[in-house]
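Enquirer: Mind folding the following:
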Amino acid sequence: MQNQINQVYNSGDSCAIYTGGSINIEENSYSLERYDELLLSQRSSDDGDNIEGSELKSSNTMKQYTEQRDLECIEQTNLALTKGSNYWMTIFNTLNTLTGFGILSVPYATSQGGWLSLIFLIGIALICFYTGILVQRCMDSDAQIKTYPDIGLKAFGRWGKALIAFLLYMELFLLTTELLISLGDNMEKLLSKNNFNIGGLHISSKKIYILLGANIILPTTWLRSLKLLSYLSFTGVLGFSVVIISVLWASIESVGFHEHGEIVNWRGFGTCIGLYTFCYGGHTILPTIYTDMKNKRLFPYALVVSFLFATVCYSFMATIGYLAYGDNLKSQVTLSLPIGNISSKVAILTSVMIPLVKYGLMVTPIAEAIEVQFQMLHIWSILTVRTLIVLGTVIVALSVPFFGSVVALSGSFFTVGLSLILPCVCYLKIFTNSHKRCFELVLIITIIVLGVIVAIVGTYTSVKKIINAF
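Expert: As a prediction, the model looks like this:
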């Protein structure tokens, strides 16, 4: 009997529903009545009484049952509301995935594609927002879906989960590697480019800064709560805004805005689109953020705020960077700033902070996947896994220090696949039998085709540049 009660109580229709500050206990009346019926049957069976077809003997007994039921419902509701991230924490976490060092590379992307490419920046933002909504719909189709690979499992079985997991963790691994490369570049710009002699080994200053930065970052990877990481996310978003203001200030002080640039540069368009797409590559983290959110009905609004804020900032940064430095822009705009100005130092120092606050959020899905796969519960095994992941990214960052090309490759292949193509393909497969409007179906197919073209052209261009750099 107790199993029956638990089954009804947890059948998916919660006793109390949170509705933006109020608790509605009048919904799901069928589940509550059924709960009362089974509870009364259990109590009566324990006393050896048969109450089937009879009325309650005592109003006090009925009152006792009702009070117990309501207390249990409210207790479970309060427990659900105290766990997870609230609306603003979700926005900060989402912004932190969208507004990383993409802000440093977006002026360079514009210089590669020309002024006309800014239209594609806005277009990619709209597409990625829409595919973010598709990711949410896929997750809502099954309560068992908690991660991005789970969507692949729902759509295509084990091979779908394996494919998405491979792409997801490779993208996150490259992303965290790029964070370390960015940190090393900016520290070298800010401090010195002198080589160090340690035990007879000549090590460049950039590699030393990468090693030091990794040691500072390491403790942030040990945080397992997204609620705690949201406070770091707030710092990252704040730093993102400071970088924009500092670059604007430094450009006004030093060079002004006299460059005209090109209307369109078709030769660099593949790199440009790859970098733009990389700026909106937060879909790998979206399922984790969505799962952790308290009131999931507000998730689309959180996406609107996050994508709108990110797009305005990206467009503004691309404009001032290209007007100030034109075709002389380096892969990170901070590397083009004159180091003598205070504003330049503020911008570079703030850009150093971005990897420090963003790395932990990016590495969490990789670590959690390993911990779940091998059922790691002991704290020392968890810390060891996360430390080894950091060590792996350090090794790659020291070996392939080409920031712009690595970012473009990640954006063209992994981000396009995970943020444009796969959300559409999985959505079509999961909702095969549901009625879809003709316009939406055409839109989804168009996004898939464009994604494939961008992936092929961008990947070819990026790999070619990396090979030439060696």
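
Enquirer: Quick one: the strands in the stretch 201-350 of the chain, in order.
Expert: Along the stretch 201-350 of the chain, the stretches classed as strands by DSSP state E, counting those that start in this stretch are 201-203.

Enquirer: which regions of it sit below the pLDDT cut-off?
Expert: 224-236 (pLDDT under 70).

Enquirer: can you rerun that using 90?
Expert: Judged by pLDDT under 90, the stretch 201-350 of the chain has its weakly predicted residues at 201-214, 216-247, 249-262, 264-275, 277-297, 325-350.

Enquirer: Spatially central, which residue of the chain would that be?
Expert: Most central residue of the chain, judged by C-alpha distance to the mean C-alpha position with CA atoms, centre = their mean, is residue 285 at 3.0 Å.

Enquirer: check contacts around the nearest residue to it once chain neighbours are set aside.
Expert: Beyond its immediate neighbours in the sequence, the residue positioned closest to residue 285 (CB to CB, 6 or more residues apart in numbering) is residue 97, lying 4.6 Å away. Where C-beta positions appear, they are placed from N, C-alpha and C, glycine not excepted. Applying CB atoms under 8 Å, 6 or more residues apart in numbering to residue 97 gives the contacts 281-282, 285-286, 289, 361-362.

Enquirer: where's residue 97 relative to residue 254, distance?
Expert: Here the criterion is CB to CB, to the nearest Å. By it, residue 97 lies 32 Å from residue 254.

Enquirer: So for residue 27, what's the pLDDT?
Expert: You'll see residue 27 listed with a pLDDT of 37.

Enquirer: Over to the one 10 residues further on?
Expert: Among the per-residue scores, residue 37 shows a pLDDT of 50.

Enquirer: got it, and residue 94?
Expert: You'll see residue 94 listed with a pLDDT of 85.

Enquirer: mind checking the backbone torsions on it?
Expert: Here the main-chain torsion angles of residue 94 (degrees, to the nearest 10) amount to phi -70, psi -40.

Enquirer: my guess is it contacts residue 303, does it?
Expert: Yes - with the criterion set as CB atoms under 8 Å, residue 94 and residue 303 qualify as a contacting pair; they are 6.7 Å apart.

Enquirer: And for residue 397, nearest residue in space, chain neighbours not counted?
Expert: Nearest residue to residue 397 in three dimensions, chain neighbours excluded: residue 180, at 4.0 Å (CB to CB, 6+ apart).

Enquirer: go on, residue 300?
Expert: For residue 300, ignoring the flanking residues on the chain, the nearest one in space by CB to CB, 6+ apart is residue 133 at 6.2 Å.

Enquirer: do residue 282 as well
Expert: With CB to CB, 6+ apart, the residue lying closest to residue 282 is residue 97, at 3.5 Å.

Enquirer: That neighbour and residue 362, how far apart?
Expert: Between residue 97 and residue 362 the distance, using CB to CB, works out to 8 Å.

Enquirer: One more: residue 448?
Expert: Using CB to CB, residue 448 is found at 26 Å from residue 362.

Enquirer: which one of these two has more residues nearby?
Expert: With neighbours defined as other CB atoms under 10 Å, residue 448 and residue 362 compare such that residue 362 has more, 24 against 16.

Enquirer: so that one sits in a strand?
Expert: No - counting by DSSP: H, G, I helix; E, B strand; the rest coil, one finds residue 362 to be helix, located in no strand.

Enquirer: check contacts around it.
Expert: Contacts were defined as CB under 8 Å, 6+ apart; by that measure residue 362 touches 97, 172, 175-176, 179, 285.

Enquirer: Swap in 6 Å and give it another go.
Expert: Listed by CB atoms under 6 Å, 6 or more residues apart in numbering, the contact set of residue 362 reads 172, 175-176.

Enquirer: do the same with residue 323
Expert: 257, 259.

Enquirer: To what extent is the closest residue to residue 346 other than its chain neighbours buried, counted in neighbours?
Expert: With CB to CB, 6+ apart as the measure, residue 246 is the residue that lies nearest to residue 346, at 4.5 Å, once sequence neighbours are left out. By the criterion of other CB under 10 Å, residue 246 has 23 neighbours.

Enquirer: Hmm, residue 246 is touching residue 347, no?
Expert: Yes - taking contacts as CB atoms under 6 Å, residue 246 lies within contact range of residue 347: 3.4 Å.

Enquirer: May I have the secondary structure class of the residue nearest to residue 282?
Expert: In the three-state summary, residue 97 is assigned as helix, counting by three-state DSSP.

Enquirer: No more questions from me, cheers.
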